[in-house]
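> model the following, please.
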Amino acid sequence: MEDRVTTAKGSPLGYLSDQETKVDLLNNEAIAKTIVRLIDETVDSAVTIGVHGDWGAGKSSVLEMVEKAFPEDGDVLCLKFSGWQFQGFEDAKIALIEGVVNGLIEKRSLATKAADEVKRILKSVDWLKVAKKGGGLALTAFTGIPLIGLDDLVSSSIEHVKNLVMDKDAREAAIKSIEDFKREKDDEPAGRSVPTEIREFREAYKELIKKAGIKRLVVLIDDLDRCLPQTAIETLEAIRLFVLWDKTAFIVGADEGMIEIAVRDHFKNLPEIDVASNNARESGQNYTRSYLEKLLQVPFRIPALGETETGIYVTLLLFGRALGEQSPEFEKLLALGRAALSKPWEGKGIDHDAIKTAVGDRFAEIVDALNMADRVSPVLAAGTKGNPRQIKRFLNALALRLAVAHERGFGNAIEQAHLAKVMLAEMFLHQTVFDHIATTAANSEDGICPEIALIEKVAAVGSTEPAPANDEKDGASEATNPVIDEWKTRPDVMRWASVKPDLGAVSLKPYLFVIKDRKNYLGSAAPLPSKLLALLEKLLGGDMSAKGALADVKNLNLAEAVLIFDVLRRKVREAPNFDVRPAAMPGVAVVVEAHPPLQGRYVDILEALPPDRVGLWVASGHAFVTEAAPKARIEALREKWRKATKNQLLRTELEPKRPVRGGRGHGNV
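Now for the predicted structure:
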């Protein structure tokens, strides 16, 4: 299903709805058809079916397809409920039972055709409500345990009201309703009990089914895994009433894991159960699973999408948004997609030549969508674990951020492909990896994170082969960079780095601005952890204080060192003048000495200094820079300053040193 959102200028913006899909892009119709066939083949017996899958896997869409398979005027009556409908009720069991009964009566006009049965069954529902007032006896009423009579039940209900209802008027009204109910029951034959009430409820229910002229009642329950544990359990307990009743089928859409959590929450002191077959002890966790399996007899599990299936799904989503899901061209593409999904194990997506043939003259409208799908699908498949809802959310977020950037007049500063790759990193890489990328780019003058270019080179040739020698300004190859060494071990980073286009030479600052709705990397830095704040204070306390913190700085991991280095670098840039050494420079030197991988970044700081306004301090004090490439950059920088600066003192200080005649050491000339 596709909605169209209109921007301020009136241009359409494609938005992928998160509601139950009207077009099956996942080939889940096969599951729905199998469920419908099962219902048809077991029409004379009760059946309970579970449609399981993670949040966003497509359970609601499957239930929607099942519902559409049964026309309203057919011999199968389909009623649909959302677990959320019962969230606000005092007892979800009674709410569901009453909903099923009322739905059956209304959908088949039974109020007149079966007036006596309707009256009987509604009285039974009222009786259950009284049982609830009796202190939560609804569940035991259904199971028939304990066997209590109406007098005991009414007495218990009245005592319950007296003890718990504090408001006098409300208490008197509740007691009156219970007593009125008892008087009505007293007019009926003597000897009424809970089993009697249950038997009559079942008989009235069967008679309703018969007079409704249907061969099967199908009840769909969705969103049960979104409910509070109590609501979920009470809904399942209500289903138990119908489990053994002929002609009734329940189909429950729920994440098994969430329901198991609800069961554990409800049965807080689960006993261990003897398993006679192998003389073992079944754990509480196994009990919760057994509870669900016994209740839902036939489980259907919606599998997560693999990389090939994700690629096909993303392609169809973007094609539908570009062409319109009702267009004849999209119908042809959908057929191609379903054909490819029928053999996902072959690892083939939709053939590009077939796509061109299917859309004809409209191919130009989907070129961008096709390229986008090819780029992002591998990372989306891994990052979302094949979850359709998360895939839609990513594509929606991308479209909406592009629209906002357009409305704010960012123009050519934002390219869709670049933004997509940045967002893939933002959403699906480990937080520390993206934080490193974002903070490094945000704090550099050119907005570039040098590690991106290095890891993209590694991904391009394969991590098992040596990367090409690097001649960029940090001068270090990937083999000598511990950040890259760590990233190479992460499959998520390697998948992301292989996505085109490359970002190694792209300023990320415009893109960090676009995504700052989640975190602002370009504003004031996030507060440092308390451990780093205390260390930062020492590093800003002058030469002696900074040198005294060297051992503590060495104990930091590289990510922590980068965080504190970035704060110090920002303070260097904020210095009022550079005639004297900025207060943060001693701390910078200590951090770089303790963590040599930061030597290239130290040279970045020097290169950003204005040579005409810098003091003599910059000419020396770099002995801790020991790696060849950063040392070479410093020598080149000294030569550049010597030739370009108008600062005569600095030029003199930077002149090459010549030996003094007489062999008595060296001096400055």
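
> off-centre distance for whichever strand or helix holds Thr652?
Element membership for Thr652 (DSSP states H and E) is helix 648-654. In terms of C-alpha atoms, centre = their mean, to the nearest Å, the centre of helix 648-654 is found 58 Å from the chain centre.

> what mean pLDDT does it get?
Across helix 648-654, pLDDT averages out at 74.

> check stretch 43-53 too.
pLDDT averaged over stretch 43-53 gives 87.

> quick check: Ala534 vs Val422, distance?
Using C-beta to C-beta, to the nearest Å, Ala534 is found at 34 Å from Val422. All C-beta spots, glycine's among them, are computed from the backbone N, C-alpha and C.

> quick one, which of those two is more surrounded?
Higher neighbour count among Ala534 and Val422: Val422, with 25 against 12, using other C-beta atoms under 10 Å.

> quick check: that one touching Ile515?
Yes: using C-beta atoms under 8 Å, Val422 makes contact with Ile515 at a distance of 6.7 Å.

> one step back: quick one: buried residues of the helix holding Thr652?
Within helix 648-654, the residues that count as buried by 16 or more other C-beta atoms under 10 Å are Leu650, Arg651, Glu653, Leu654.

> tell me the buried residues in stretch 257-269?
For stretch 257-269, using 16+ other C-beta under 10 Å, the buried residues are Met258, Ile259, Glu260, Ala262, Val263, Arg264, His266.

> ok, stretch 440-455 next?
440-444, 447-455.

> helix/strand/coil for Ala249?
For Ala249, the assignment made with DSSP: H, G, I helix; E, B strand; the rest coil gives strand.

> run a quick neighbour tally on it.
For Ala249, using other C-beta under 10 Å, the count is 24.

> mind pulling up the pLDDT for it?
pLDDT at Ala249 comes out at 91.

> how near is the spatially most central residue of the chain to Val66?
The C-alpha lying nearest the average C-alpha coordinate of the chain belongs to Gln390 (C-alpha atoms, centre = their mean; 5.6 Å). Distance of Gln390 to Val66, computed by C-beta to C-beta: 24 Å.

> please apply the same query to Phe267.
Distance from Phe267 to Val66, by C-beta to C-beta: 31 Å.

> swap in Arg570?
Distance, Arg570 to Val66, using C-beta to C-beta: 58 Å.

> the two: who's more crowded?
Taking other C-beta under 10 Å, Arg570 and Val66 do not tie; Val66 has more neighbours (25 against 14).

> and what about that one, helix, strand or coil?
Quick answer, by three-state DSSP: Val66 is helix.

> so how far is Thr308 from Gly53?
From Gly53 to Thr308 the distance is 19 Å (C-beta to C-beta).

> check Gly83 too.
33 Å.

> same check, this time on Asp374
Distance from Asp374 to Thr308, by C-beta to C-beta: 12 Å.

> which one's more surrounded, these two?
A direct count of neighbours by other C-beta under 10 Å for Asp374 and Thr308 places Thr308 higher, at 20 against 16.

> who does the helix or strand containing that one touch, helix- and strand-wise?
Thr308 is part of helix 307-323, with elements assigned from DSSP H and E. With contacts taken as 3 or more C-beta pairs under 8 Å, 6 or more residues apart in numbering; DSSP states H and E, helix 307-323 sits against strand 12-16, helix 328-341, helix 367-383, helix 388-407.

> let me have the ones you listed in TSV, extended by mean pLDDT and distance to Glu560.
Below are those laid out as TSV (pLDDT from 0 to 100; distance: least, C-beta to C-beta, whole Å):
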stretch	mean pLDDT	distance to Glu560
strand 12-16	52	40
helix 328-341	91	46
helix 367-383	85	26
helix 388-407	88	30
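
> Thr315 is nearest to which of the ones you listed?
With C-beta to C-beta as the criterion, Thr315 lies closest to helix 367-383 of those, at 4.1 Å.

> low-confidence regions, the stretch 501-650 of the chain specifically.
Residues of the stretch 501-650 of the chain meeting the criterion pLDDT under 70: 523-527, 644-647.

> just the helices in it please.
With helices called from DSSP state H, counting those that start in this stretch, the stretch 501-650 of the chain shows them at 509-514, 530-539, 543-548, 550-554, 558-573, 585-594, 599-607, 628-644, 648-654.

> for the residue nearest to Ile214 when sequence neighbours are not counted, the count of nearby residues, please.
Once flanking residues are discounted, Ile214 sits nearest to Leu77: 4.8 Å by C-beta to C-beta, 6 or more residues apart in numbering. By other C-beta under 10 Å, 22 other residues sit near Leu77.

> so what's Leu77 up against?
Applying C-beta atoms under 8 Å, 6 or more residues apart in numbering, we find Leu77 in contact with Phe70, Leu104, Lys107, Arg108, Ala212, Ile214, Arg216, Leu217, Val218.

> would it count as being in a strand?
Yes: checked against three-state DSSP, Leu77 lies within a strand.

> look up how far Val47 lies from it.
Applying C-beta to C-beta to Leu77 and Val47 gives a distance of 15 Å.

> and Pro611, by the same measure?
With C-beta to C-beta as the criterion, Pro611 and Val47 are 82 Å apart.

> next: Lys554.
For Lys554, the distance to Val47 (C-beta to C-beta) stands at 67 Å.

> which of those two has more neighbours?
More crowded of Lys554 and Val47, by other C-beta under 10 Å: Val47, with 20 against 13.

> tell me what the residue nearest to that one when sequence neighbours are not counted is bridged to.
Leaving aside its sequence neighbours, Val47 sits nearest to Ala249 (C-beta to C-beta, 6+ apart; 4.9 Å). For Ala249, the beta-bridge partners are Val47, Val218 (DSSP bridges).

> give the contact list for Ala249.
Ile39, Thr42, Ala46, Val47, Thr48, Ile49, Arg216, Leu217, Val218, Val219.

> and the fifth one, how many neighbours?
By other C-beta under 10 Å, the residues close to Thr48 number 21.

> the third one now?
Here the count is done by other C-beta under 10 Å, and Ala46 has 17 residues near it.

> which parts of the stretch 151-300 of the chain are strands?
Assigned by DSSP state E, counting those that start in this stretch, the strands in the stretch 151-300 of the chain fall at 216-222, 248-254, 273-275, 280-282, 298-301.

> tally of neighbours for Ala623?
Ala623 has 8 neighbouring residues, counting by other C-beta under 10 Å.

> show me which residues of stretch 532-543 are buried.
Residues of stretch 532-543 classed as buried by neighbour count (16+ other C-beta under 10 Å): Leu532, Leu535, Leu536, Lys538, Leu539, Leu540.

> what residues does it touch?
Residues from elsewhere that reach stretch 532-543 (C-beta under 8 Å, 6+ apart): 527-528, 545-546, 548-549, 552-553, 556, 560, 563-564, 567-568, 571, 583-584, 586-587, 590-591.

> could you rerun that using 7 Å?
528, 545-546, 548-549, 552-553, 560, 563-564, 567-568, 583-584, 586-587, 590 (C-beta atoms under 7 Å, 6 or more residues apart in numbering).

> moving C-terminal of the helix or strand harbouring Ile484, what's the next helix or strand?
When elements are assigned from DSSP H and E, Ile484 belongs to helix 482-487. Sequence-wise, the next helix or strand downstream of helix 482-487 (DSSP H and E) is helix 491-498.

> which stretches of the stretch 1-150 of the chain form strands?
Taking DSSP E, counting those that start in this stretch as the criterion, the stretch 1-150 of the chain carries its strands at 2-6, 12-16, 47-52, 76-82.

> what is the rounded mean pLDDT of the longest one?
Same thing as strand 76-82. Strand 76-82 comes out at a mean pLDDT of 90.

> so how far is it from its chain's centroid?
With C-alpha atoms, centre = their mean as the basis, the mean position of strand 76-82 lies at 30 Å from the chain mean.

> pairing partners for it, with directions?
Sheet pairing for strand 76-82, assigned by DSSP bridges, gives strand 216-222 (parallel).

> so what's the gap between the strand it pairs with and the chain middle?
The chain centroid and the centroid of strand 216-222 are separated by 29 Å under C-alpha atoms, centre = their mean.
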